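A.B. asks: I'll drop the sequence and a predicted model, then ask my questions.
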Amino acid sequence: TPMPVAILAQAKQLAMLAHAWAKAHIHNEDLYSILAPLIVRNIEQFGPREVAMATYGFAHFRLDIPEVFNALRARAAVLLDDHQFSLQDLLMFSNALAKVHLRDGAVADALSR
């Protein structure tokens, strides 16, 4: 069954907020502390682009919020298994993980293909 548009919009909005604040270099830990549980709660609705953008947003400021990174990495693993990542999204995700010194074997394998 297709996902309701409102749920997809919410996932996109969460990812875009995290990404946009990082791109604007606006460090606001309060915003990220609000986004963190929302991202974790809605992680199943995240596609590859949302995973990459949200990871970039949190990694940009090197925020140490393990539950967010764990959820994003777990979701990425599912999407990688389904070969859903574009090279652009995979590179953004990989670079964001590197920024916070996280390594992921599945990402490395996907990049080597």
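C.D. replies: Alright, I've got the coordinates.

A.B. asks: which parts of the lowest-mean-pLDDT helix or strand in the chain are buried?
C.D. replies: One helix or strand of the chain scores below all others by mean pLDDT, DSSP states H and E: helix 5-23, with a mean of 72. Judged by neighbour count (16 or more other Cβ atoms under 10 Å), helix 5-23 contains these buried residues: 11-12, 14-15, 17-19, 21-22. Just so you know, the C-beta spots here come from the backbone N, C-alpha and C atoms, and that holds for glycine as well.

A.B. asks: next secondary structure after it?
C.D. replies: helix 29-41 (DSSP states H and E).

A.B. asks: give the other helices and strands that the helix or strand following that next one contacts.
C.D. replies: As assigned by DSSP H and E, the chain's next helix or strand after helix 29-41 is helix 48-60. Secondary-structure packing of helix 48-60 (3 or more Cβ pairs under 8 Å, 6 or more residues apart in numbering; DSSP states H and E): helix 5-23, helix 29-41, helix 66-81, helix 87-99.

A.B. asks: any idea how far residue 57 is from residue 83?
C.D. replies: Distance of residue 57 to residue 83, computed by Cβ to Cβ, to the nearest Å: 24 Å.

A.B. asks: report the central residue of this structure.
C.D. replies: Nearest residue to the geometric centre of the chain (Cα atoms, centre = their mean): residue 51, 2.8 Å.

A.B. asks: who's in contact with that one?
C.D. replies: By Cβ atoms under 8 Å, 6 or more residues apart in numbering, residue 51 lies in contact with 15, 72, 75-76, 79, 89, 93.
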